[in-house]
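Participant: Return a 3D structure for these sequence lines:
(chains A and B)
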Amino acid sequence: MKTKTKRIFSLFLIVLLSFSLVACSSESSGGSSGDSGGKTEIRFAWWGSAERDKVYNQILDLYEEQNPNVKIIREPSSWNDYWTKLSTQAAGGNLPDVFGLHLLLYGNEYFTKDVLEPLDQYVDNGTISLEGWDQSVIDAGTYNDQFYALAKGVTLESLIYNKTKLEGLGIEPPKNGMTYDEFKDYALEIRAKLPEDEYVISGDPTSIEHGVEMWARQKGGSFLTEDGKDLGFSKEDLTEYWTYWDNFRQEGVIPPGQISTEQANVTDESTLFATGKAVFIERPTNQAKVFAKYVGGDELGILRYPTMGDGEFKSGEQLQVPAAVMSKVSKNKEEAAKLINWFVNDLEATKIYKAENGLPGTEPVRENLKSELAPLDVEAISILETVGEEIPPTTIRPSGSVEVLSIYKRYAESIAFEKMSIEEAVDAFFEEAKKALK
Amino acid sequence: MLLKFWDKNKIALLFLTPWLIGITALGIVPMMASLYLSFTEYDMFKAPTWVGLENYKELFIADDRFTQSMKVTFQYVFIGVPLQLIMAFCLALFLNTGVKGISGFRAIYYVPSLLGPSLAIAILWRQIFGMDGIVNKFLALFGITPNSWISDPETTLYTLIILLVWQFGSPMVIFLAGLKQIPKDLYEAASIDGAGPFTRLFKITIPMLSPIIFFNLVMQLIGAFQAFTPAYIIGGQTGGPLDSTLFYTLYLYIKAFTEFQMGYASAMAWILLIIIATFTGILFAVSKKWVHYES
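Facilitator: All right, here's what the predicted structure looks like:
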């Protein structure tokens, strides 16, 4: 080839290649919503199970019907996966426009990371209505004097039980308000009548943080001190707590390490409780009616978490508030605000939702639902009202709780697998936790 | 001098431009950024703060979980890879004897290594080895009490090793191809001289196949050190139970994305690079002793 032709040819190739470069660097997909074919896209993420997804989809379909210019991209996950996914998305600047946030467990983590959009301006300009909302619920979603989160519901940790199964064993259903000691006797009574491969409680309460937090609060302390610099309970408290439940493990009231670890990772419908192999399961009250669908016709009841007879407070529950929040980097904030407002305030939407995430935080919605509520929800509400009077004020866990909790879980696990004695585990936990909190 | 280089090679370089841009932007730049970050404390939300060798020091001196993750990963690599390769080799030998339907077998055995590292298989594995899984039902036939193999700290790692060994298909196919290359007259000459099957195996097959064995060894080793997905799913995302499946990459992920310690995780990434490079280097050095290349 003549030099001139060569030159033109190479020039042509360069141009062609640079075109392919441009074509290959596609727009960053994911990230906040864009617009597709004229419709505003909003990404909405929530945690749940198959049953809950159906409810959400129903509600979101209704919104799309009423707002034909909006398309909602649904991003459901299971509880475990949700938080890992969310934190990865937060780190990558890729959070969904609207997503669920459990204020007790993760409120502070996300408030302090500055990834949420304050909703005050939307309240002020009328997009979001706070009429009829309980002040305590609004406070729960406020941080540093800015309002971030609208509660989808309010709920409490409880022990859901299978009434039908108890009847089959010839045992009376438990009485609300029983103490830890009374519960021990009751559990052993049940254990005596259960076959070998069944358990009183489906899973290990020490493997999640609610139990130990409640224990600490019942004793007048807390999981972490308010400034997040130290543990809010003593080594004796922890030893007592772990011993109580380890006795249960030895007696076969709760499953041994292998089974409880597996149970922690299965879907709701595959738990021992849902398959009829356990009498109790520890879950927030609003999930009772979800499990009712899985136990094939058995009647369920809700037992208030055991009270501490000699504690400073009878009960230690924290009000759990699953809320809806908006991402700071959302490209469609007005529309997202509208959606959040509609989701928690609209009477039709909340009717479909039917207290899925707990008691609604606003009076008008509660009124509207009164006739519709399932009996389990009515039970849940009455427990909420009783317990509400006997607990110390609800706090949001300070930042850093997540790390301490994962340390806690590891040590609880080593006790469950009998790899460490309770004393060793308590000492080691305190050491590691204090290091992490420095 | 540079000008001479440019003059001589400019067309080639021009053609290489897309790849060069790619490797720089997607390879070298992130690697350098990661190296820099490994000397900082960085939580992704605030700017990184320089801490020098703190991360590296803490990893080696103060971090028990790091030691655990090394233990777990080393066990996985040094038990799993040899097992997998032996399995691949034996099956390749067997298939090479002219079994009927060899292409069918080849395909069937190859499929696991395609699907193996995937999410779906990991979830399936968790189900199979769980309390209600098929493995328990099978073992019950022999009177073995059911156990949750994937939730027992003693056995979980072995379910992952089994998963690795199950993916022997791809090295097997490579072995098969290599076996077919060995000239048949070598075997004929040997049997005339009175060599039995084992002698033939050790004096002919293995030496002739040694470059391929070496290749498979290096590739599988590098891959196994970086295993992530099965550990993530089967170990319940936290390396459980009791950190028995806390693979190195999983621990790195936890540090980076669950605990938001990017600097620390970057340090881990570079240490992994050095470890893999070291072992690969050792393999290459030792290979001079036992790998025979056809010259």
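
Participant: in the worst-scoring helix or strand of chain B on mean pLDDT, what's buried?
Facilitator: Comparing every helix and strand of chain B by mean pLDDT, DSSP states H and E singles out helix B:197-200 as the least confident one, with a mean of 83. For helix B:197-200, the buried set under the neighbour-count rule, 16 or more other C-beta atoms under 10 Å in any protein chain shown, is empty. C-beta: built from backbone N, CA, C; applies to glycine.

Participant: mean confidence score for the next helix or strand after it?
Facilitator: Using DSSP states H and E, the helix or strand that follows helix B:197-200 in sequence is helix B:206-225. The predicted model gives helix B:206-225 an average pLDDT of 91.

Participant: Within the helices and strands, which one has the residue of the stretch 151-295 of chain B found nearest chain A?
Facilitator: The minimum distance from the stretch 151-295 of chain B to chain A, using C-beta to the nearest C-beta, falls at B:S151 (4.0 Å). B:S151 is part of no helix or strand, with elements assigned from DSSP H and E.

Participant: Torsion angles phi and psi at it?
Facilitator: Backbone torsions of B:S151, given as degrees, to the nearest 10, read phi -120, psi 10.

Participant: Double-check it against A:P255; I have them as touching.
Facilitator: No - at 10.2 Å, B:S151 does not count as touching A:P255 under the criterion of C-beta atoms under 8 Å.

Participant: And the two? Which one has more around it.
Facilitator: The residue with more neighbours, out of B:S151 and A:P255 and counting by other C-beta atoms under 10 Å in any protein chain shown, is B:S151; that gives 30 against 27.

Participant: Now do that one against A:I259, distance only.
Facilitator: Taking C-beta to C-beta, to the nearest Å as the measure, B:S151 and A:I259 are separated by 7 Å.

Participant: joint contacts of those two?
Facilitator: B:M131 (C-beta atoms under 8 Å, 6 or more residues apart in numbering or on different chains).

Participant: What count of nearby residues applies to the nearest residue to A:G311 once chain neighbours are set aside?
Facilitator: Leaving aside its chain neighbours, A:G311 sits nearest to A:Q218 (3.9 Å; criterion: C-beta to C-beta, 6 or more residues apart in numbering or on different chains). Per other C-beta under 10 Å, the neighbour tally for A:Q218 reads 26.

Participant: got it, and B:N96?
Facilitator: B:N96 has 16 neighbouring residues, counting by other C-beta under 10 Å.

Participant: Make sure it is actually in contact with B:Q181.
Facilitator: No - applying C-beta under 8 Å as the test, B:N96 and B:Q181 come out as separate, 11.0 Å apart.

Participant: residues contacting residue 213?
Facilitator: Reading this off chain A. For A:E213, the contacting residues are A:222-223, A:316, A:318, taking C-beta under 8 Å, 6+ apart as the criterion.

Participant: nope, chain B please
Facilitator: B:85, B:89, B:175, B:206, B:291.

Participant: and A:N94, what helix or strand is that in?
Facilitator: Remark: A:N94 resides in no helix or strand, with elements defined by DSSP H and E.

Participant: any idea how far it is from A:K39?
Facilitator: Taking C-beta to C-beta as the criterion, A:N94 is separated from A:K39 by 21 Å.

Participant: Now do the domain split for chain A, please.
Facilitator: As given by automatic domain parsing, the domain ranges for chain A are A:35-154+A:321-386, A:157-317+A:400-437.

Participant: Could you dump the ones you listed into CSV and include distance to B:K100 and mean pLDDT?
Facilitator: CSV is the format used below for the domains of chain A (distance: least, C-beta to C-beta, whole Å; pLDDT from 0 to 100):
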stretch, distance to B:K100, mean pLDDT
domain A:35-154+A:321-386, 46, 85
domain A:157-317+A:400-437, 43, 89
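
Participant: Mind putting those into JSON lines with distance to B:G194?
Facilitator: JSON lines is the format used below for the domains of chain A (distance: least, C-beta to C-beta, whole Å):
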{"stretch": "domain A:35-154+A:321-386", "distance to B:G194": "63"}
{"stretch": "domain A:157-317+A:400-437", "distance to B:G194": "56"}
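
Participant: Which of these sits closest to B:Y232?
Facilitator: Comparing the domains of chain A against B:Y232 with C-beta to C-beta, the closest turns out to be domain A:35-154+A:321-386 (9.2 Å).

Participant: what's the spacing between the closest residue to A:A323 other than its chain neighbours and B:V291?
Facilitator: Among residues not flanking A:A323 along the chain, A:A149 sits closest, at 3.7 Å (C-beta to C-beta, 6+ apart). Here A:A149 is placed at a distance of 63 Å from B:V291 (C-beta to C-beta).

Participant: The two: which is more packed in?
Facilitator: More crowded of A:A149 and B:V291, by other C-beta under 10 Å: A:A149, with 27 against 18.

Participant: Go ahead and confirm the more buried one touches A:A324.
Facilitator: Yes - the pair A:A149 / A:A324 is scored as a contact, 6.8 Å apart, by C-beta under 8 Å.

Participant: what's the overlap in contacts for these two?
Facilitator: By C-beta under 8 Å, 6+ apart, the residues touching both A:A149 and A:A324 are A:L101.

Participant: Just the pLDDT for the closest residue to B:L179 other than its chain neighbours.
Facilitator: Excluding its sequence neighbours, the residue lying closest to B:L179 (C-beta to C-beta, 6+ apart) is B:N96, at 4.6 Å. Among the per-residue scores, B:N96 shows a pLDDT of 85.

Participant: Which strands or helices does the host helix or strand of B:Q84 pack on?
Facilitator: Here B:Q84 is covered by helix B:64-96, with elements defined by DSSP H and E. Where contact means 3 or more C-beta pairs under 8 Å, 6 or more residues apart in numbering or on different chains; DSSP states H and E, helix B:64-96 is packed against helix B:102-115, helix B:156-166, helix B:169-181, helix B:206-225, helix B:248-253.

Participant: Does the shortest one reach chain A?
Facilitator: No - no part of helix B:248-253 sits near chain A under the criterion C-beta under 8 Å from any C-beta of the partner chain; the closest distance found is 9.0 Å.

Participant: Check which residues of the following helix or strand past that helix are buried.
Facilitator: Per DSSP H and E, helix B:248-253 leads on to helix B:262-290 as the next helix or strand towards the C-terminus. For helix B:262-290, a neighbour-count test (16+ other C-beta under 10 Å) marks B:262-272, B:275-276, B:279-280, B:287 as buried.

Participant: ditto for stretch A:302-322
Facilitator: Using 16+ other C-beta under 10 Å, the residues of stretch A:302-322 that count as buried are A:302-308, A:311, A:313-322.

Participant: Return the residues in contact with the residue nearest to A:G311.
Facilitator: Each residue near A:Q218 by C-beta under 8 Å, 6+ apart is listed here: A:307-308, A:311-316.
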